[in-house]
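Q: sequence below, structure please.
(one chain, ligands or ions: 1)
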Amino acid sequence: MTTSEQLFEKAKTLIPGGVNSPVRAFRSVGGSPVFIKSAKGPYLYDEDGREYIELINSWGPMILGHAFEPVEKAVRDAIQYSFSFGAPTRKEVEMAELITNMVPSVEKVRMVNSGTEATMAAIRVARGFTGRDKIIKFEGCYHGHADSFLIAAGSGAMTMGIPDSPGVTKATAADTLTAPFNDLAAVEKLLDNNHNQVAAIILEPVVGNMGCVLPEPGFLEGVRSLCDKHDALLIFDEVMTGFRLAKGGAQERFGITPDLTTMGKIIGGGMPVGAYGGRADIMDIVAPAGPVYQAGTLSGNPIAMSAGLAMLHHLNDHPEVYTRLDQIGETLVNGFRASLVKLGLNYTINHIGSMFTLFMTERSVTNFTEAKSCDLPLFGRYFHAMLKRGVYLAPSQFESLFLSVALTDDLTAQIIQANEESLQEALAE
Ligand code: PMP
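A: The predicted structure is shown next:
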C-alpha cells in the first residue's frame, strides 16, 4: 500500500468519503486519491515522493505557479502582525481599490471567504434589490453549494450523479429556474412565464464546471439584453474565469458588462477568499450601508488579503502573463489536437486561453446534455494513464483544466507526449 492509500483508508473512517470536497475522492475515475504533501512552481509532490506536472492548480488560483515567491513573501511579512482582527484594515481598502480598477463593472466590492459565500450573497442582494424571488441558472453550471444552486448543478455534484441534492427544500428549489446553457429561447420562455418574478440570471460566462464550455456567439449579449428587457440583474460568476481569462475576467474578454460579479480563488492567491461586487447602487443595499444582511468574522482576513494583493498586483503589473497563458494553452491544445488526428480520433476539445477540456465524445459540447454524452470509463482510464506518467489532471471529465505560467516549453511537450500515450493506453484496454 502506498502512503496515499493508507491515508485514504484512515481518512474514510474520519471524514465523509475520506475527503473535504467530493471530487477529490477520485470516485468517477476510480482508484485511490493521491495525497499531496507540497507543491512548487509547476509541480505537485505526493506523500510517496512522486512528482506531478500540475494542470489543476488548486482549481484555478495558482495562475503563477505554486508558492510564487512574491505571494509567499507577502504571507511571511503579514504573519508577524497576527492572523485575524475582525476589524477593518488598510489592506482591505487596497484590495477593493485594486479589484475595482481591474474589473470596471465592479464599483463596490465585499470580501467573503469562498466562492459559495460570494454567489449566495449575490443572489440575496439581487433579490433584495429587485424585490423578486426567483433566479435563473443554467444546467451544468456550478455556483457553490448554497441550497439555491444545487439544482442541475455541475462540477462535483454532476460527477457524483447528484445534480439535485437531497436536503434542499422544495420551496427553495421552486425558486431556481433552469435553462440549458447557450439556449436563449429557453431563457426568454422562463422570463415570459415568470413575468416580473425573476431577480437575476446567474451564469459562468465560460463554464468550467461541466468541463470547459464556451458561450456561443451572441449568447452572452442575448442574456444581457433579456435581463435589461425584464429588469432582472445579470450576475457573472467569475470564480474560475476572473483574473484568468483576462485581467478583467471573461467580461473583459467578451465585452459584456454584468450588474454583479462573483469572484474567488485567485483573489486569495490560494487562500480561502471570495468576493462579490458590482454596480454601486446595488451594492449600497448591503449592510451596514443598506438592509440586506451579509457578514463574516474572517472576511478580509489580513493574511489572505496579503496573499491576494501580491497575486493581483503581479497580474495587474504584468499583462504579458495573459499573453503567455494564452500561448501555453494554444500550444497544448494544438498538440492534443495533432495527437487526436494521428490516432484517428474525433474527440472534442473546448478551449479558451488557459482553460480547456478534452471531452471523450465526438459530439460538440455546448451544454450539459452534450457533456453527459462522454465515455466516462474511457476518461477514467485516460486519467490514470496520465497520472502514471506524472501529469495531474482534474479527476473528473466534468472539469476544466487550468494552466499556470510556470509551465515551460519542455513541460508542455512532456504533457503532449503523455496525452498521446495515455489515449492509446486507455483505448487499448
Ligand atoms: N462558482 C464557480 C464558478 C466555481 O467554479 C466554484 C467552485 N469551483 C464556486 C462558485 C464555489 O466556490 P467555493 O468552492 O470556493 O465555495
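
Q: in the protein, what residue is nearest the ligand?
A: G115 (2.2 Å; C-beta to the nearest ligand atom). Every residue, glycine included, has its C-beta placed from N, CA and C.

Q: in contact with that residue, which residues?
A: When contacts are counted by C-beta atoms under 8 Å, 6 or more residues apart in numbering, G115 touches 143-144, 237, 239, 262-265, 274.

Q: spell out which residues of this structure are next to the ligand.
A: 59, 114-116, 119, 142-144, 155, 204, 208-209, 237, 239-240, 264, 274 (C-beta under 6 Å from any ligand atom).

Q: quick one: the residue of the chain closest to the ligand from E429, how far?
A: G115 sits 36 Å away from E429, going by C-beta to C-beta, to the nearest Å.

Q: same deal with I136?
A: According to C-beta to C-beta, I136 stands 42 Å off from E429.

Q: neighbour-wise, which of those two wins?
A: Using other C-beta atoms under 10 Å as the criterion, I136 and E429 rank with I136 on top: 25 against 10.

Q: neighbouring strands - and their directions - for the helix or strand hosting that one?
A: Using DSSP states H and E, I136 falls within strand 134-138. As defined by DSSP bridges, the strand partners of strand 134-138 come to strand 176-179 (parallel), strand 198-203 (parallel).

Q: convert it to PDB, retaining C-alpha atoms only.
A: Presented in PDB, the C-alpha positions along strand 134-138 are these (Å, rounded to 0.1, in the frame of the first residue of the first chain):
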ATOM      1  CA  LYS A 134     -36.700  33.600  -8.500                       C
ATOM      2  CA  ILE A 135     -33.400  33.200 -10.100                       C
ATOM      3  CA  ILE A 136     -32.400  31.600 -13.400                       C
ATOM      4  CA  LYS A 137     -29.300  29.400 -13.600                       C
ATOM      5  CA  PHE A 138     -28.000  27.100 -16.300                       C
END
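
Q: domain assignment for this protein?
A: 3-67+319-428, 69-317 (automatic domain parsing).

Q: reformat those as a markdown table; add mean pLDDT.
A: What follows is the domains of the chain, written out as a markdown table (pLDDT from 0 to 100):
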| stretch | mean pLDDT |
| --- | --- |
| domain 3-67+319-428 | 97 |
| domain 69-317 | 96 |
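
Q: winner for burial among those domains?
A: domain 69-317 (a mean of 20; mean count of other C-beta atoms under 10 Å).

Q: how about Y81: what's its closest non-neighbour residue?
A: The spatial neighbour of Y81 that comes closest, neighbours along the chain excluded (C-beta to C-beta, 6 or more residues apart in numbering), is P302 at 6.9 Å.

Q: any idea how far that neighbour lies from L184?
A: From P302 across to L184, the span is 44 Å (C-beta to C-beta).

Q: what's the offset of stretch 58-66 from the middle of its chain?
A: Centroid separation between stretch 58-66 and its chain, computed with C-alpha atoms, centre = their mean, to the nearest Å, is 11 Å.

Q: which SS state does the residue nearest to T116 when sequence neighbours are not counted fall under?
A: Once flanking residues are discounted, T116 sits nearest to G144: 3.0 Å by C-beta to C-beta, 6+ apart. Three-state assignment for G144 (DSSP: H, G, I helix; E, B strand; the rest coil): coil.

Q: you'd agree G144 is up against A121?
A: No. Between G144 and A121 there is no contact under C-beta atoms under 8 Å: 10.5 Å.

Q: what are the boundaries of the strands in the protein?
A: In the chain, the strands defined using DSSP state E lie at 36-40, 43-46, 51-54, 108-112, 134-138, 176-179, 198-203, 233-237, 260-264, 274-278, 348-352, 355-359, 391-392, 401-402.

Q: those: which one's closest to H318?
A: Among the strands of the chain, strand 401-402 comes nearest to H318, with 18.2 Å by C-beta to C-beta.

Q: residues in contact with H351?
A: Going by C-beta under 8 Å, 6+ apart, the list of residues near H351 reads 212, 329, 333, 357.

Q: list the contacts of the first one.
A: Applying C-beta under 8 Å, 6+ apart, one finds that C212 lies in contact with 206, 350-352, 355-357, 400-401.

Q: nearest residue to V273 other than its sequence neighbours?
A: Closest to V273 by C-beta to C-beta, 6+ apart is A304, at 4.7 Å.

Q: residue contacts, that neighbour?
A: A304 touches 268-269, 271-273, counting by C-beta under 8 Å, 6+ apart.

Q: the same query, at a cut-off of 10 Å, please.
A: Residues in contact with A304, defined by C-beta atoms under 10 Å, 6 or more residues apart in numbering, are 75, 78, 83-84, 91, 95, 111, 113, 267-273, 298.

Q: dihedrals phi and psi, the closest residue in space to S105 that isn't next to it in sequence?
A: Leaving out its chain neighbours, the residue that sits closest to S105 by C-beta to C-beta, 6+ apart is T257, at 4.7 Å. When read as degrees, to the nearest 10, the backbone of T257 gives phi -110, psi 110.

Q: which parts of the stretch 301-429 of the chain are helices?
A: For the stretch 301-429 of the chain, helices defined by DSSP state H, counting those that start in this stretch occupy the ranges 302-317, 320-342, 368-371, 376-388, 409-428.
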